[in-house]
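Undergrad: need a 3D model of the sequence below.
(one chain, ligands or ions: 1)
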Amino acid sequence: MALEGKKIVLEGFEKAYGTTDGVRVFFAPGRVNLIGEHTDYNGGHVFPCALDIGTYAAVKKREDRKLRFASVNIPAAGVTEVMIDDLDSARTGKWADYPKGVVWAFEGRGYKLDCGFDMAIYGDIPNGAGLSSSAALEVVTGFALRALYGFDQITNEELALIGQYSENNYNGMNCGIMDQFASAMGKENNAIFLDTNTMKFEYAPIKLDGMKLLITNTNKKHSLVDSEYNARRAQCAEALKDMQAKYDIKALGELSIEQFEADKDLIKDDVCRRRAKHAVYENQRTIEAVQALKDGNVARFGELMNQSHVSLRDDYETSCPEADILAEEAWKIDGVVGSRITGGGFGGCTVSIVKDEAVDEFINKIGPVYLEKVGYEASFYRLGIGNGPVEL
Ligand code: GLA
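TA: Residues are numbered from 1 along each chain as shown. Prediction:
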């Protein structure tokens, strides 16, 4: 897959800029989150893993201070040009704002670029699938900048933070740290158990003997994701403020279920209370799920995945009818260990753990039911758990 991606992005570079001489190619992965949804901006735990699909960047330095960006996936967008020193006022709301934002964030941190570059991008993550194509684009840009400009002091964790910072402040999406962290820190066949309150993390091997990790795309064309996402953050912040009347806490993730249940009436607004309930329970579910996995209890892990979906559907309201159909149909199949919507929500994908012998049934049963109920097809992916960014 990597060699194919490298070839495609180099062809894209040549088409846009007329050469491949001296061009370097980098890759950063997308991610799927196994459990711990909408907990990362609530000081809670997450459990994502990097995928073996992602974003490729072909890059070459220039002599002047110009930056040029071209996308193989969006040829109609042509080549975008901007001067490094004009980045602050160069937002257009188009795809190139992501790599532009990363350069802007580097400059803001004092990592000054002594010249510009030409960049071509190619991604094999399905667009809008909730598998973090934007985080992969941010991380691959940061990774390429570090290599090209010799910023060797930057760790992969800092690359993740720079990606999040630029997405928050250049692109206006108030995302947490999960996606960039999973992309920058991915490890083959491992998921990352990250406490977003302390940024401490550990790798947990994903050994699913006799089972597969399946990702199913609703293919729903969603809009308003950013504004709904930002609204959830604001509701959680309001709930936190109410709980701080009694608790000396900085994030909802610091609350136990018992504390939340005892004092939830401090949260005046009913909607905010339900959002906080999800944040608190989901955090505890994630801690329990990782322990279950360590104990070899995949069945319990699956139950907690299902509970996560219900909570996202009913309390957090970031699911959608299409993802509900996928999860609920999956639960009816005997060999499905667990199934839930993954990522920011309002569309995107579900992630499921399915016993080997039930994989065909999963696809053959859910596919037609989904088509009939929704009117278009779902896509089924068998993806591997991959490493973080690399130069190819
Ligand atoms: C998006 C954000 C992440 C995280 C998830 C929900 O993917 O980018 O930071 O909040 O939604 O878990």
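Undergrad: so who does the nearest residue to residue 71 once chain neighbours are set aside touch?
TA: Residue nearest to residue 71 in three dimensions, not counting chain neighbours: residue 121, with 4.9 Å by CB to CB, 6 or more residues apart in numbering. (Each C-beta comes from the backbone N, C-alpha and C, glycine too.) With contact taken as CB atoms under 8 Å, 6 or more residues apart in numbering, residue 121 is in contact with 9, 12, 55-58, 69-73, 99, 137, 140.
Undergrad: try it again with 10 Å
TA: Residues near residue 121 by CB atoms under 10 Å, 6 or more residues apart in numbering: 9, 12-13, 55-59, 69-74, 95-96, 98-99, 136-137, 140-141.
Undergrad: so for stretch 97-108, mean pLDDT?
TA: For stretch 97-108, the mean pLDDT works out to 98.
Undergrad: is any residue of whichever helix in the chain runs longest near the ligand?
TA: Secondary structure of the chain per DSSP state H: the longest helix is helix 270-294. No. Helix 270-294 does not reach the ligand (CB under 6 Å from any ligand atom); its nearest approach is 8.8 Å.
Undergrad: helices and strands around that helix, which ones?
TA: strand 45-46, strand 190-195, strand 200-205, helix 225-243, helix 257-263, helix 298-314 (3 or more CB pairs under 10 Å, 6 or more residues apart in numbering; DSSP states H and E).
Undergrad: ok, residue 23 - how many residues close by?
TA: Using other CB atoms under 10 Å, residue 23 has 18 neighbouring residues.
Undergrad: for residue 208, same thing?
TA: 18.
Undergrad: spell out which residues of the chain are next to the ligand.
TA: Those residues of the chain that sit near the ligand, judged by CB under 6 Å from any ligand atom, are 33, 37, 38, 40, 41, 175, 176, 178, 179, 343, 344.
Undergrad: the second one reaches residue 311, doesn't it?
TA: So the one you mean is residue 37. Yes. Residue 37 is within contact range of residue 311, at 8.5 Å (criterion: CB atoms under 10 Å).
Undergrad: how many residues are close by whichever residue of the stretch 201-350 of the chain sits closest to the ligand?
TA: Going by CB to the nearest ligand atom, the ligand is nearest to residue 344 of the stretch 201-350 of the chain, at 3.3 Å. Counted with other CB under 10 Å, residues neighbouring residue 344 total 24.
Undergrad: now do the one 4 residues further on
TA: Other residues near residue 348 come to 27 when the count uses other CB under 10 Å.
Undergrad: do the same with residue 56
TA: 27.
Undergrad: now residue 92
TA: 11.
Undergrad: higher neighbour count, residue 37 and residue 311?
TA: Legend: neighbour count by other CB under 10 Å for residue 37 and residue 311, higher for residue 37 (30 against 22).
Undergrad: how about the contacts made by residue 319?
TA: 37, 218, 309-313, 326-327, 340-341, 345-348, 350.
Undergrad: that older thread, does the residue of the stretch 201-350 of the chain closest to the ligand count as helix, strand or coil?
TA: Following DSSP: H, G, I helix; E, B strand; the rest coil, the label given to residue 344 is coil.
Undergrad: find the nearest non-adjacent residue to residue 343, please.
TA: residue 130 (3.0 Å).
Undergrad: residue 33 too?
TA: Spatial nearest neighbour of residue 33, excluding adjacent residues (CB to CB, 6+ apart): residue 48 at 4.2 Å.
Undergrad: pretty sure that neighbour sits against residue 130.
TA: No. Contact criterion CB under 10 Å: residue 48 and residue 130 do not qualify, at 11.6 Å.
Undergrad: next, give phi and psi for the closest residue to the ligand within the stretch 1-150 of the chain.
TA: Taking CB to the nearest ligand atom, the ligand has its nearest neighbour within the stretch 1-150 of the chain at residue 37, 4.0 Å off. Main-chain torsions, residue 37, degrees, to the nearest 10: phi -100, psi 140.
Undergrad: ditto for the one 10 residues further on
TA: Per-residue torsions, residue 47: phi -140, psi 70 (degrees, to the nearest 10).
Undergrad: is it in contact with residue 293, as I believe?
TA: Yes. Counting by CB under 10 Å, residue 47 touches residue 293, with 8.6 Å between them.
Undergrad: and the helix or strand of the chain with the lowest mean pLDDT, what does it pack onto?
TA: Within the chain, confidence by mean pLDDT, DSSP states H and E is lowest for helix 225-243 among all helices and strands, at a mean of 93. Contacts defined by 3+ CB pairs under 10 Å, 6+ apart place helix 225-243 against helix 257-263, helix 270-294.
Undergrad: dig out what residue 192 forms beta bridges with.
TA: residue 203 (DSSP bridges).
Undergrad: that one: what's it in contact with?
TA: 31, 33-34, 46-50, 178, 181-182, 185-186, 201-204, 388.
Undergrad: what do you get for residue 332?
TA: 365, 366, 369.
Undergrad: cool, residue 335 as well?
TA: Residue 335 neighbours (CB under 10 Å, 6+ apart): 210, 211, 353, 354, 355, 356, 357, 358, 359, 360, 361, 362.
Undergrad: can you check residue 247 too?
TA: So residue 247 contacts 240, 254, 255, 259, 260, 263, 266 (CB under 10 Å, 6+ apart).
Undergrad: are we agreed that it is in a helix?
TA: No. Counting by three-state DSSP, residue 247 is not part of a helix but coil.
Undergrad: now do it, the pLDDT please.
TA: With respect to pLDDT, residue 247 scores 98.
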